[in-house]
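Enquirer: I would like the atomic coordinates for the input below:
(one chain, ligands or ions: 1)
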Amino acid sequence: MSRIRIIKVSFKESIMRGIPNKLPLKRERTHSSNRAPKRKDILSLAEKKLAIRNALRYFPEDWHRELALEFAQELNDYGRIYMYRFQPDYEMYARPISEYPAKSIQAAGIMLMIQNNLDPAVAQHPDELITYGGNGAVFQNWAQYLLTMQYLSEMTDDQTLHMYSGHPMGLFPSSALAPRVIVTNGMMIPNYSKPDDWERYNALGVTQYGQMTAGSYMYIGPQGIVHGTTITVMNAFRMKLDANDTPAGKIFLTAGLGGMSGAQPKAGNIVGCITICAEVNSNAAHKRHSQGWVDELIDNLDDLVSRVTLAQSQEEVVSIAYVGNVVDIWERFAEDEIFIHVGSDQTSLHNPFAGGYYPVGLSFEESNQMMAEDPQKFKELVYASLRRHAAAVNTHTSKGTYFFDYGNAFLLESSRAGADILAQNGIDFKYPSYVQDILGPMCFDYGFGPFRWVCASGLDEDLAKTDEIAARVMREIMFDSPPAIQQQMGDNIKWIDEANQNKMVVGSKARILYADSEGRIKIAEAFNQAVANGELSGPVILGRDHHDVSGTDSPYRETSNIYDGSKFTADMAIHNVIGDSFRGATWVSIHNGGGVGWGEVINGGFGMVLDGSEKASQGLESMLLFDVNNGIARRSWARNPHAQFAIKREMERNQKLKITLAQGVRDDLLDNLFN
Ligand SMILES: NC(=O)c1ccc[n+]([C@@H]2O[C@H](COP(=O)([O-])OP(=O)(O)OC[C@H]3O[C@@H](n4cnc5c(N)ncnc54)[C@H](O)[C@@H]3O)[C@@H](O)[C@H]2O)c1
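Expert: Next comes the predicted model:
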C-alpha cells in the first residue's frame, strides 16, 4: 500500500517559495458565491492562443501540456485565466506585520496591504483577485500574486519592485530613499483605451483594471465611502438650511443600496436626517438591512408615506430602505406634496443598460429578463424612465429641493435620454455634481481629502491610540485655523471622535479622516513619534484614496470643478505620482480607469510605512506637503478661489514653496472682443 506524505508548509515558507517547485493539485474556486461575472469572449482564435502562451510563461515547460488545457478551459468558462490551481492554501487576511517573512519592513507593510485587499471578508470576488467595483483587480492571476509576495520577502531596502498591471517585472537596484514598489495599472497608449480594449488586453494577460485602491493595495472597506458620503450629505443640508436649523426631521431621498451607494443610509443617520433610499433589488436591500446599514425596510408606497409623515412629525433620525423603484417615490411625494430637502441618486448609471439602472414600471426580474432577451427594448425603457425620473426631480426642485448628481452619470444619461435636464445655455446641466458644489470647493480646494492609515500591529489598541492622537492634533490645529476652514476642522474632529463607535472596521485596523496638508503632516509626524517611543506597538501605514485633491484627473468627478478648460488633461495625477516617488513614498501607483471607467480618468496614490525612523519623519513632511499642494496649486491656477486662499497660506508657512499664481481678468474686457 502506498503512503502519501503530506508535508505542511508554513505561511512564511509558502511566501518565500513563490511558485511551488511541484505542480500543485488542480483546485476549484473556493468562494463560489462571490464569483466574478463571466467576461466578454472577445479574443480571436490567434489571440486566444497568445493568451495561453502568455499565461504559460510563468511555469516550467514540463507543466505546459496540463496547464494549457486547464487555462484554455478557464478562458472559455470565465473569459479570463485566473490560474485557480495556484491559489494558496493559507488564510488570506492582513496579518500583523511581524508575521511576514521580509528583509525590509517596508516590503512587509506592502505584503500586509496586498493580503488585506484579497481577504474574502474585504474583497468582492476573492478567487478572481478582485477587491471592488466588479473589476478592481489586485493581480490578474495567482502566479503574479505568488511571485510578487516572493519578491517582497527577499527584497532589501536598496531594491525596487516594478509592477506592470499586476505582473511583477522584477527587482531593480535602487536606493534606501527610493520607493520599494512602483505600480502602474492599465496604462495604455491613449488610442487603445476604450472599454473593449480593457476586455481584450486583460484577456490576453497584459493589463488590468486597478480601480483606485484595489490595484494600489490601499482599500479599507466601506469605512472610506461612509466618511465621504457623510461629508457630502451634511454639507448638502447646510447649503439648503438656515445656519441655526438642523437636518432633524428633514428628508434626504436617494437610490441604491449597492457597493458604494449602500453607505448612504448610514451617512444619513450620522448627519441626523430622515434618509429614504430606494433599492429595486430586494436581496441588496435585505442584505444592507441585516448588516445594520439601514434601519427599516418598506415595500409599498402607502406605508412609506405614512412612515415618513410620522418620522417628520417626530423629527426622527431614521433610515428607510424602500424596496422598489426610486422614480415611484419621486412621483408619489410630488402628488402628496411631501417636501424633500435634499435629493440625489446613486443607481449605477455609468452602466445604464446592463443592470446599473432599472426602469420604472418593470419588476427587477422582468428587467433582468428583458436586458438579456431584448436589449433594444430595454434601452428604450431605461431612457423613458430617465425622462420621467428627471421630470419628477424637476417638479421637486421647482419647490425648493436641493438636488445634486452623485458622480453616477445621472445627468449625463438623462440628457442622452432627452430628459429636461439641461441648463438655459443648452450646454451645462441644470444641477451640479457633488464635486462641483460640495467636495470640490469645500474640501479639495482647501486640501481636505481622504487621508487614511492602517495599524500594522493589527491591534485594536493601536487603532484607538491613533484615533486619540489624530483628534488631539486636529484640535491643536483648529485653535489657530482661519474661519474659512473652521467648519471642516470641526466636522473632521467629530468624525474621528465617533469613528470607533460607528464600528466600520473590516479587515485591517484602518481609519479614514479628511484632513488638509497641515493636518496630514502633523498627524503623520505624531504617529511616527508614537512608533519611535513605543506608544504604538507597530508601524503605521499611511495612504489615501485616489479620489482626492491631487491624485485624480477625472473631468466629470474629482476635477469637475476645474473651469479653465484643463479638466481633460491628466498632468496633475502624473506629477503627483512622480513627485511622491522621490520624496519618501514607500510605494506609488498610477492607474487608468477607476470609478468612472477605462479611458475616462487617470488616478494615483501612495503608501508610506512610518516605522518611527528619522528617514520616515523627513520623508513624510516633504512628501505629504507635495502630495496635497500639487493639487491645490493646480486648482488655484484654474482660478478656484478657495485653492487660491489655501496655496497662499501654505506659501506663508513654507518659504521654499513658490507657486505661479493666476491674475484675475475683468469680464468686461472680454465681452466685446470677438463681435
Ligand atoms: N458613493 C460615492 O462616493 C460615489 C462617488 C462617485 C460615484 N459614485 C457612483 O454611484 C453609483 C453607485 O455605485 P455602487 O457601487 O453603489 O453601485 P451598485 O451597482 O453596487 O449599486 C447601485 C444600486 O442601484 C440599484 N438601482 C438601479 N436602478 C434603480 C432604480 N431605478 N431604483 C432603485 N434602485 C435602483 C441597483 O439595484 C443597485 O443595487 C456608481 O455609478 C458610482 O460610480 C458613487
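Enquirer: State the pLDDT value of the residue in the stretch 201-350 of the chain that the ligand sits nearest to.
Expert: Nearest to the ligand in the stretch 201-350 of the chain, going by Cβ to the nearest ligand atom, is residue 258, at a distance of 2.0 Å. Bear in mind the C-beta positions are built from the backbone N, C-alpha and C, glycine included. Looking at residue 258, its pLDDT reads 87.
Enquirer: secondary structure class for it?
Expert: Following DSSP: H, G, I helix; E, B strand; the rest coil, residue 258 is assigned to coil.
Enquirer: near the ligand, which residues of this structure show up?
Expert: Counting by Cβ under 6 Å from any ligand atom, the positions of the chain adjacent to the ligand are 225, 228-229, 255-261, 278-281, 284, 325-326, 346-350, 356-358, 406-408, 557, 595.
Enquirer: quick one: which of those residues sit in helices?
Expert: 225, 228-229, 284, 326 (DSSP state H).
Enquirer: now the residues you listed as JSON lines including neighbour count and pLDDT?
Expert: Listed next are these as JSON lines, based on neighbours: other Cβ atoms under 10 Å; pLDDT from 0 to 100:
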{"residue": "225", "neighbour count": "24", "pLDDT": "88"}
{"residue": "228", "neighbour count": "21", "pLDDT": "92"}
{"residue": "229", "neighbour count": "27", "pLDDT": "95"}
{"residue": "284", "neighbour count": "19", "pLDDT": "87"}
{"residue": "326", "neighbour count": "28", "pLDDT": "98"}
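Enquirer: Farthest pair within those?
Expert: Greatest spatial distance among these (Cβ to Cβ): 228 and 326, at 21.1 Å.
Enquirer: Mind telling me which residue of the stretch 51-200 of the chain is nearest the ligand?
Expert: residue 133 (6.9 Å).
Enquirer: What segments of the stretch 401-550 of the chain are helices?
Expert: 410-416, 434, 460-480, 483-498, 517-532 (DSSP state H, counting those that start in this stretch).
Enquirer: export the last one as CSV, just CAs?
Expert: Once non-C-alpha atoms are left out, helix 517-532 reads as follows in CSV (Å, rounded to 0.1, in the frame of the first residue of the first chain):
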residue,chain,number,x,y,z
SER,A,517,-1.9,69.4,4.2
GLU,A,518,-1.1,70.8,7.7
GLY,A,519,-3.3,68.2,9.4
ARG,A,520,-1.9,65.2,7.4
ILE,A,521,1.7,66.2,8.1
LYS,A,522,1.2,66.9,11.8
ILE,A,523,-0.8,63.7,12.4
ALA,A,524,1.7,61.6,10.5
GLU,A,525,4.6,63.1,12.4
ALA,A,526,2.8,62.4,15.7
PHE,A,527,2.2,58.8,14.6
ASN,A,528,5.9,58.4,13.6
GLN,A,529,7.0,59.6,17.1
ALA,A,530,4.5,57.3,18.8
VAL,A,531,6.0,54.4,16.9
ALA,A,532,9.5,55.6,17.9
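Enquirer: Show me what the mean pLDDT comes to for that helix.
Expert: 98.
Enquirer: Next: the shortest one.
Expert: Helix 434 shows a mean pLDDT of 95 in the predicted model.
Enquirer: Quick check: which of the helices of the stretch 401-550 of the chain is nearest to residue 26?
Expert: That would be helix 460-480 among these, by Cβ to Cβ, at 39.8 Å.
Enquirer: export the helices of the stretch 401-550 of the chain to CSV and tack on mean neighbour count?
Expert: Output for the helices of the stretch 401-550 of the chain, formatted as CSV (neighbours: other Cβ atoms under 10 Å):
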stretch, mean neighbour count
helix 410-416, 22
helix 434, 23
helix 460-480, 17
helix 483-498, 17
helix 517-532, 22
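Enquirer: Relative to residue 153, which of the ones you listed is closest?
Expert: Of these, the one closest to residue 153 (Cβ to Cβ) turns out to be helix 517-532, at 22.4 Å.
Enquirer: Now do the closest one: which elements does it pack against?
Expert: Packing partners of helix 517-532 (3 or more Cβ pairs under 8 Å, 6 or more residues apart in numbering; DSSP states H and E): strand 449-455, helix 460-480, strand 540-544, strand 602-610, helix 614-637, helix 641-653.
Enquirer: quick one: which of these is nearest residue 519?
Expert: Checking the helices and strands packed on helix 517-532 against residue 519 by Cβ to Cβ gives helix 460-480 as the closest, at 5.8 Å.
Enquirer: packing partners for the closest one?
Expert: strand 449-455, helix 483-498, strand 510-515, helix 517-532.
Enquirer: Low-confidence ranges, this structure, go.
Expert: Within the chain, the segments meeting pLDDT under 70 span 1-7, 30-33.
Enquirer: one more time with 50, if that's ok
Expert: For the chain, the stretches flagged by pLDDT under 50 are 1-2.
Enquirer: about what we covered before: my read: the residue of the stretch 201-350 of the chain closest to the ligand touches residue 284, true?
Expert: Yes. If you go by Cβ atoms under 8 Å, residue 258 and residue 284 touch, sitting 5.9 Å apart.
Enquirer: what is in contact with these two at once?
Expert: Common contact partners of residue 258 and residue 284 (Cβ atoms under 8 Å, 6 or more residues apart in numbering): none.
Enquirer: Next, residue 293: phi, psi?
Expert: Main-chain torsions, residue 293, degrees, to the nearest 10: phi -90, psi -10.
Enquirer: tally of neighbours for it?
Expert: Neighbour count for residue 293, taken as other Cβ atoms under 10 Å: 22.
Enquirer: So it versus residue 338, what's the distance?
Expert: 24 Å (Cβ to Cβ, to the nearest Å).
Enquirer: OK, contacts around the spatially closest residue to residue 459 that is not a sequence neighbour?
Expert: Leaving aside its sequence neighbours, residue 459 sits nearest to residue 537 (Cβ to Cβ, 6 or more residues apart in numbering; 5.7 Å). Taking Cβ under 8 Å, 6+ apart, we find residue 537 in contact with 457, 459, 461-462.
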